[in-house]
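Peer 1: would you be able to build a 3D model of this:
(one chain, ligands or ions: 2)
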Amino acid sequence: MVNVEEIRRLAECGSKMKVLYVEDEKVLREATRRLLFRFFKVVDTAENGEEGLIQYETGEYDIIISDICMPVLNGVDMVKKIKAKNEKQAVIVVSAHDDSHYLIDLINIGIDSFLLKPIKEQYLMSVLYKISSEIMYKQEVEKRKKVEQLLLQKSRIIAMGELITSIAHNWRQPLNQVGLIIQDLEEAYKFDELDENYLSESVSSTLSIISSMSSTITQFSNYFQPESTMMEFDIGQSLKKTLELFCKSLEHLNIECILNIHDDIKIIGYELEINQVFLHILNNAKDAIVEKQMSGFDPKDKKGIICEDVYKFEDMCIVLITDNGGNISEEILGRIFDPYFTTKEQGKGIGMGLYVSKIIIEEHMGGLLYAENIGNGVMFTIELPLALKKIQKEQMPLS
Ligand SMILES: Nc1ncnc2c1ncn2[C@@H]1O[C@H](COP(=O)(O)OP(=O)(O)OP(=O)(O)O)[C@@H](O)[C@H]1O
Ligand SMILES: [Mg+2]
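Peer 2: Numbering: from 1, shown residues only. Ligands and ions are numbered 1, 2, ... in the order given. A predicted model of the protein is given here:
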């Protein structure tokens, strides 16, 4: 028996679903079609297995309901062919008592339900309720995974963009230096000071500036190289690589980064994803410090400090990222991981960094990510189980 709530849910799920009903008895076909039409968006019918197959080719059906004994092609053979094409296809078989010897065959094909004729309306509705709720649930999970992947990609591009912009900004200084060296050469020539020694010193200073800029480009392309497979990597080294690039964006900001790797910890996963989390947290720390610097730093803080610690604790890997950019007010501390929560002015943040970081750490890596106020700043803690191998293997691969 279905209750009112189940009928409501069946109608809700069914309003987005397509059903194919295959039955050779005209009166039964029409009566059942009318009943199905009360719940489903589309109800197509066919008179036998062969027609059913043709119909199946023309539309994507969420549920197939079929009789067994029919002329031309019986229901069992039709379902076998449908399942060969799509083993996940939901199928309900309706049949008379004397067809029950087909049952083992149908179980082996993997049908979802078997109903006896005459069809009891309540029983059919109860089966349809269960199947359509399951289909709906799977579709929602799939949809959520797709949205999550899009968000991850979008936030990776944002993190990458922020880093590139600030490094490009800081390139002005070495570019100026190269410009000055060249102008100086011209002057030296005019004043007859340009000898071989002078020239070779200028060339070597220019080359060293250019080589440092070019190594940044190489670091960039290695850093953002997407991995298609899970790899074993050293999390401390990963943070170090992130900092090497990130620190370039801190030049002239009077912010120092201190990294303490207390233990060598190897984990298995997508390194690019954890790097993305580091970048989001580091960028936030930088933003908080810059904002605090503008509004007047506490005199005891001579400069901005972002401190990272990596260590093992029991069977966990712990990464702490602490800054001295001021506390987060208690009213908003509980909301910082919410999607689209931001306190930054328009164009400076969309409020996705921490939301995406939490998904990566907690849902993809089976760990924990949380924040708390400490001293005159904020501390982000990433806890990852060392037995990551097992957890990661159960996850679907990401972008
Ligand atoms: N280290 C920090 N110090 C102070 N406030 C912080 C810190 N980290 C995060 N926050 C607060 O949490 C909010 C949400 O952070 P989140 O990274 O999710 O978004 P965002 O930085 O505003 O934008 P986006 O990361 O999408 O560019 C920030 O707007 C800020 O108010
Ligand atoms: Mg952010």
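
Peer 1: mean confidence for the helix or strand containing S211?
Peer 2: Using DSSP states H and E, S211 sits in helix 196-223. In this model, helix 196-223 has an average pLDDT of 89.

Peer 1: what about Y370, which helix or strand?
Peer 2: Going by DSSP H and E, Y370 is in strand 368-374.

Peer 1: list the buried residues for the helix holding S211?
Peer 2: Using 16 or more other C-beta atoms under 10 Å as the test for burial, helix 196-223 gives S202, T206, I209, T216, F220, Y223. Any C-beta I mention is one placed from the backbone N, CA and C, and that applies to glycine too.

Peer 1: stretch 41-52 now?
Peer 2: Buried residues in stretch 41-52 (16+ other C-beta under 10 Å): V43, D44, T45, A46, E47, N48, G49, E50, E51, G52.

Peer 1: please apply the same query to stretch 370-386.
Peer 2: Quick answer for stretch 370-386 (16+ other C-beta under 10 Å): A371, G377, V378, M379, F380, T381, I382, E383, L384, P385.

Peer 1: what of stretch 243-250?
Peer 2: Buried, per 16+ other C-beta under 10 Å, within stretch 243-250: L243, L245, F246, C247, K248, S249, L250.

Peer 1: can you redo these as a markdown table with pLDDT?
Peer 2: Converted to a markdown table, those look like this (pLDDT from 0 to 100):
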| residue | pLDDT |
| --- | --- |
| L243 | 92 |
| L245 | 87 |
| F246 | 89 |
| C247 | 88 |
| K248 | 83 |
| S249 | 83 |
| L250 | 86 |
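
Peer 1: so which of those residues are in helices?
Peer 2: In helices, defined here by DSSP state H, the members of these are L243, L245, F246, C247, K248.

Peer 1: what's the closest of these to ligand 1?
Peer 2: Taking C-beta to the nearest ligand atom as the measure, ligand 1 lies nearest F246 of these, at 13.8 Å.

Peer 1: check which helices and strands the lengthiest helix in the chain sits against.
Peer 2: Taking DSSP H as the criterion, the chain has its longest helix at helix 121-170. Applying 3 or more C-beta pairs under 8 Å, 6 or more residues apart in numbering; DSSP states H and E, we find helix 121-170 packed against helix 4-14, helix 26-37, strand 63-67, strand 90-95, strand 113-116, helix 235-248, helix 271-294, helix 353-358.

Peer 1: of all those, which one comes closest to ligand 2?
Peer 2: Within the helices and strands packed on helix 121-170, the stretch nearest ligand 2 is helix 353-358; the backing value is 2.9 Å (C-beta to the ion).

Peer 1: which of the residues in the closest one are classified as buried?
Peer 2: Neighbour-count burial for helix 353-358 flags G353, L354, Y355, V356, S357, K358 (criterion: 16+ other C-beta under 10 Å).

Peer 1: next, count neighbours for the closest residue to the first one other than its chain neighbours.
Peer 2: This points to G353. Excluding the flanking residues, the one nearest G353 by C-beta to C-beta, 6 or more residues apart in numbering is H280, at 3.7 Å. H280 has 24 neighbouring residues, counting by other C-beta atoms under 10 Å.

Peer 1: check contacts around H280.
Peer 2: Contacts for H280 (C-beta atoms under 8 Å, 6 or more residues apart in numbering) come out as S155, A159, G353, L354, V356, S357.

Peer 1: go again using 10 Å as the cut-off
Peer 2: Taking C-beta atoms under 10 Å, 6 or more residues apart in numbering, we find H280 in contact with 155-156, 158-159, 162, 352-358, 360, 380.

Peer 1: what does the protein put close to ligand 1?
Peer 2: Contact residues (C-beta under 6 Å from any ligand atom) of the chain with ligand 1: 158, 280, 284-285, 288, 323, 325, 328, 336, 341-344, 349-355, 378.

Peer 1: A strand includes H252, no?
Peer 2: No - read with DSSP: H, G, I helix; E, B strand; the rest coil, H252 is coil and lies in no strand.

Peer 1: how many neighbours does it have?
Peer 2: Counted by other C-beta under 10 Å, the residues lying close to H252 total 10.

Peer 1: now do the same for it: its pLDDT.
Peer 2: 79.

Peer 1: figure out how far stretch 111-125 is from the centre of its chain.
Peer 2: Between the centre of stretch 111-125 and the centre of its host chain there is 40 Å, according to C-alpha atoms, centre = their mean, to the nearest Å.

Peer 1: cool, and stretch 276-288?
Peer 2: Worked out by C-alpha atoms, centre = their mean, stretch 276-288 lies 18 Å from the chain centre.

Peer 1: any idea of the mean pLDDT in it?
Peer 2: Averaging pLDDT along stretch 276-288 gives 94.

Peer 1: for the stretch 51-200 of the chain, which residues are neighbours of ligand 2?
Peer 2: Taking C-beta under 5 Å from the ion, no part of the stretch 51-200 of the chain reaches ligand 2.

Peer 1: pick out the residue of the stretch 51-200 of the chain closest to ligand 1.
Peer 2: In the stretch 51-200 of the chain, the residue that lies nearest ligand 1 is I158 (5.8 Å; C-beta to the nearest ligand atom).

Peer 1: pretty sure E251 sits against S212.
Peer 2: No - contact criterion C-beta atoms under 10 Å: E251 and S212 do not qualify, at 11.6 Å.

Peer 1: if I look at these two, which residues touch both of them?
Peer 2: Shared contacts of E251 and S212 (C-beta under 10 Å, 6+ apart): P174.

Peer 1: if we ignore the residues flanking it in sequence, what's nearest L36?
Peer 2: For L36, ignoring the flanking residues on the chain, the nearest one in space by C-beta to C-beta, 6+ apart is V43 at 4.5 Å.

Peer 1: quick one: least confident helix or strand in the protein?
Peer 2: When the helices and strands of the chain are scored by mean pLDDT, DSSP states H and E, helix 388-394 comes last with a mean of 48.

Peer 1: give me the number of neighbouring residues for N254.
Peer 2: N254: 13 surrounding residues under other C-beta under 10 Å.

Peer 1: now do the phi/psi pair for it.
Peer 2: Per-residue torsions, N254: phi 60, psi 40 (degrees, to the nearest 10).

Peer 1: what residues does it make contact with?
Peer 2: For N254, the contact set (C-beta under 10 Å, 6+ apart) comprises I289, V290, Q293, F297, K302, K303, G304.
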